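A.B. asks: Sequence first, predicted model second:
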2 protein chains.
Amino acid sequence: MPIAETPLQLPVPNLPAGFRAAGVHAGLKRNPTREDVSLFVSTQPATAAGVYTTNLVHAAPVAFDRARTPGEGFRAIVVNSGNANACTGERGMADTEAMAAAAAEQLGVLPTEVLVLSTGIIGEFLPMPTLLAGIGEAAAALGDDQAALIAAARGMMTTDTRPKLFGRTFSAGDRTISVTGVAKGAAMVGPRMATMLGIVMTDAPLAVADAQRLLAAACEETFNCVSVDGHTSTNDTVLLLANAAAGGECLSGPDLEEFGRLLHETCQMLAREIADDGEGATHVIRIEVSGAGSRDEARQIARAVADSPLVKTAVHGADPNWGRIVSAAGYAGVAFEAERLTLHVNGTLLFTAGAPVTFDATAVSASIRENRETEIRLEVGDGQGAVRFYSSDLTAEYVHLNADYHT
Amino acid sequence: MPIAETPLQLPVPNLPAGFRAAGVHAGLKRNPTREDVSLFVSTQPATAAGVYTTNLVHAAPVAFDRARTPGEGFRAIVVNSGNANACTGERGMADTEAMAAAAAEQLGVLPTEVLVLSTGIIGEFLPMPTLLAGIGEAAAALGDDQAALIAAARGMMTTDTRPKLFGRTFSAGDRTISVTGVAKGAAMVGPRMATMLGIVMTDAPLAVADAQRLLAAACEETFNCVSVDGHTSTNDTVLLLANAAAGGECLSGPDLEEFGRLLHETCQMLAREIADDGEGATHVIRIEVSGAGSRDEARQIARAVADSPLVKTAVHGADPNWGRIVSAAGYAGVAFEAERLTLHVNGTLLFTAGAPVTFDATAVSASIRENRETEIRLEVGDGQGAVRFYSSDLTAEYVHLNADYHT
């Protein structure tokens, strides 16, 4: 299935100090221009944290990594795309262990120091000779420049049309700390979590408990607030590697807080990129819900709106069909006073006090059509619960891609 | 938006004794060949029961009918399509009251003896002069033959491609009891409940409490187990009118049980018709979940599978992509042992004991392609919870219909 590539949307970051990366084409994907095996390597042992899919049916690498994180002393993450190694039973777990062992051997580290990610088709066994050869090629191709990072990010892609990268740096005293993340999405992306893989690398020194706490908090508000099709995958994983190459003591106090903010921003930008690059998407939809009784309630309302095929097709059609939006909010399973509901789309008031208002439908339609991002803003009361949620529109192209993906 | 009509799929039933019906084109729909105002009338006072949408944002006629049912002494239901009278505030409620009053005047009954249904676009005020004229025309067109019933069922349609009718009769002692139902669906059809209207008429004598109890039970297992797009509407309503024209005492004992079975069958056949005629659908998907801890858990799993766009597109593409099905079951929010999960599609075993099995993918694909109905059968354990759930596939045509519906 040929998928046209699209240009990068965000500035390409650098790898943090002490990290190298590579992405190569091993042959799991048919197209020889598409990387399918990646390595992310730290020159010194790194603290690792992980957040994983909530799906009962989860892939072998998810079980493998979940058992090992959070922890210390990690040296590498090996990734393959094209095959999820999910629903593959004991043989699948043995293959994941073999991936870790092969990467460890190539890098001269221990198998227990390697984490594994897989994404792609469910239920087929990994082509191990091809994959193991690719791991060797990737180890030989490691680099610390942007080209190496981009190749590694491309090696995680499935039907993504572009790699997703974002990074930030900040000063903690006399140290410069870098935070650099890569992700993939495309489809089977639903909250808790998306069919997505994310890797965030930092040269900050982090205590294990802080790494896990901050990653979990960031994912909760970003990757868990994005939905392309509401289908929570078997493989969703976000890993954080902190290798302390910036030197000094573990971050604490205001420096740790600032790190948390940058980690959050990095995850947020990558999550938005995933929605923007949802399969077949022509719009990214930003849903802002406020005034709910709690953040969870706000998210539940946002998710109902995000996952409604009628809302998604209305945005695709540049149709300010507010009835679909308010009715989706109404069935979210959260109690609120329908008479208090207020809806703005792209800044224009469409509905308030239980009744339609007069608005310039042509102008709102034009605003939806002419902008890549559509903002749906719902106020549901005077509570403190608020959320930002990203979704994508539903197009005939999504249907074509997914009616023909497997066969 | 021109929607091609399709042939009736089920035998046309007769109206039960003492009922008349009519459907006319009043002008709410642009196409003059499409009926948009209907009347269902009983020659004698009838017991009425109702089941309504759970959406917080509900239409004026839902509030109107909900306040009046269950109860006795009803003589008519007036229906319009093309406009849902939802999100229309106080003016919407006044318009619903005016519809009931107009029908009552035409029929020579009291306004309190009339129930009201509306379906169509949300958030526009009803064109009352057009609609009231239509009610007069419908009253003049009332008939007790199949043509009248079909016209009345057509007057409920929105983007349905055909009217949905089903009926059964049975003998209760020396009485012959008829149960005849009509429904509409098409889109904004999600469980609890679908965007659907249903009317079931019977000449059985029924106690009010029995009517409500049996209707609620039937809806729970049928109309609440169908999903086209998971979007629960503002207007969903199922009404039961029992006019006792068959004579005798209220049904009880085995006769009442038999009535309940026929009511269930009628609702089941209409619910399946709604899924089969989902917007753009090329397949109806029957999902059978068994072995769950409870019926609610089974339904929750079935609903996750039914609403997954990836499952729906796979069926559209005749793709036996079982990974999408088992992963949807896995994120349903119901605890089960993933290793116990067994999946059959159209009778062929695709997955069991946590791993793929060898099967003839070409044959299963051909079986999906060549049959209108696809059966997805999931066994999740050895519990007693089981459910039958109907869904439809997701096609580019659904997207086209819903990206262009409003504007």
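C.D. replies: On my side now, so go ahead. Residues are numbered from 1 along each chain as shown, chains lettered A, B, ... in the order given.

A.B. asks: Can you list the low-confidence ranges for chain A?
C.D. replies: For chain A, the stretches with pLDDT under 70 are A:1-2, A:187-195, A:230, A:405-407.

A.B. asks: ok, longest helix in it?
C.D. replies: For chain A, the longest helix by residue count, based on DSSP state H, is helix A:253-276.

A.B. asks: Just confirm A:Leu251 is within a helix.
C.D. replies: No - according to DSSP: H, G, I helix; E, B strand; the rest coil, A:Leu251 belongs to no helix; its state is coil.

A.B. asks: Next, see if the strand ranked longest in chain A gets close to chain B.
C.D. replies: Looking across chain A with DSSP state E, the single longest strand is strand A:37-52. No - shown here: strand A:37-52 not in contact with chain B (Cβ under 8 Å from any Cβ of the partner chain), separated by at least 12.6 Å. In this view, the C-beta of every residue, glycine as well, is placed from N, C-alpha and C.

A.B. asks: With stretch A:260-274 instead?
C.D. replies: No - in terms of Cβ under 8 Å from any Cβ, no part of stretch A:260-274 sits within range of chain B; the closest distance is 15.9 Å.

A.B. asks: For A:Ala298, what is the enclosing helix or strand?
C.D. replies: A:Ala298 belongs to helix A:295-307 when assigned by DSSP states H and E.

A.B. asks: Helix A:253-276 and that helix, what's the angle between them?
C.D. replies: With axes from the mean of the first three to the mean of the last three Cα atoms, to 10 degrees as the basis, helix A:295-307 and helix A:253-276 are set at 20 degrees to each other.

A.B. asks: Tell me the helices and strands packed up against helix A:295-307.
C.D. replies: strand A:226-227, strand A:284-292, helix A:322-330, strand A:373-379, strand A:385-392 (3 or more Cβ pairs under 8 Å, 6 or more residues apart in numbering or on different chains; DSSP states H and E).

A.B. asks: Flag every buried residue along it.
C.D. replies: Counting neighbours by 16 or more other Cβ atoms under 10 Å in any protein chain shown, one finds that the buried residues in helix A:295-307 are A:295, A:297-307.

A.B. asks: now these in TSV, with distance to A:Ala355?
C.D. replies: Output for those, formatted as TSV (distance: Cβ to Cβ, whole Å):
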residue	distance to A:Ala355
A:Arg295	29
A:Glu297	24
A:Ala298	23
A:Arg299	27
A:Gln300	25
A:Ile301	20
A:Ala302	23
A:Arg303	26
A:Ala304	21
A:Val305	20
A:Ala306	25
A:Asp307	26
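
A.B. asks: Now the stretch 201-350 of chain A against chain B: closest residue?
C.D. replies: Here the residue of the stretch 201-350 of chain A nearest chain B is A:Gly323; by Cβ to the nearest Cβ that distance is 2.7 Å.

A.B. asks: so who does that residue touch?
C.D. replies: For A:Gly323, the contact set (Cβ atoms under 8 Å, 6 or more residues apart in numbering or on different chains) comprises B:84, B:86-87, B:121-123, B:234.

A.B. asks: which residues touch the residue in the stretch 51-200 of chain A that chain B sits nearest to?
C.D. replies: Closest residue of the stretch 51-200 of chain A to chain B, Cβ to the nearest Cβ: A:Ile122 (2.7 Å). Neighbour list for A:Ile122: A:59, A:84, A:86-87, A:234, B:321, B:323-324, B:326-327 [criterion: Cβ under 8 Å, 6+ apart].

A.B. asks: if you set the cut-off to 6 Å instead, what comes out?
C.D. replies: Counting by Cβ atoms under 6 Å, 6 or more residues apart in numbering or on different chains, A:Ile122 makes contact with A:84, A:86-87, B:323.

A.B. asks: A:Ile274 too?
C.D. replies: Taking Cβ under 6 Å, 6+ apart, one finds A:185, A:196, A:226 in contact with A:Ile274.

A.B. asks: Give the helix, strand or coil label for A:Asp229.
C.D. replies: A:Asp229 is classified as coil under three-state DSSP.

A.B. asks: Without its sequence neighbours, what residue ends up closest to it?
C.D. replies: Spatially, and ignoring its direct neighbours in sequence, A:Asp229 is nearest to B:Pro309 (4.4 Å; Cβ to Cβ, 6 or more residues apart in numbering or on different chains).

A.B. asks: Could you double-check that the one you found lies in contact with B:Ser392?
C.D. replies: No - here B:Pro309 does not reach B:Ser392: they are 11.8 Å apart, not a contact under Cβ atoms under 6 Å.

A.B. asks: Would you mind measuring from the residue of the stretch 51-200 of chain A closest to chain B to B:Ile325?
C.D. replies: From A:Ile122 across to B:Ile325, the span is 10 Å (Cβ to Cβ, to the nearest Å).
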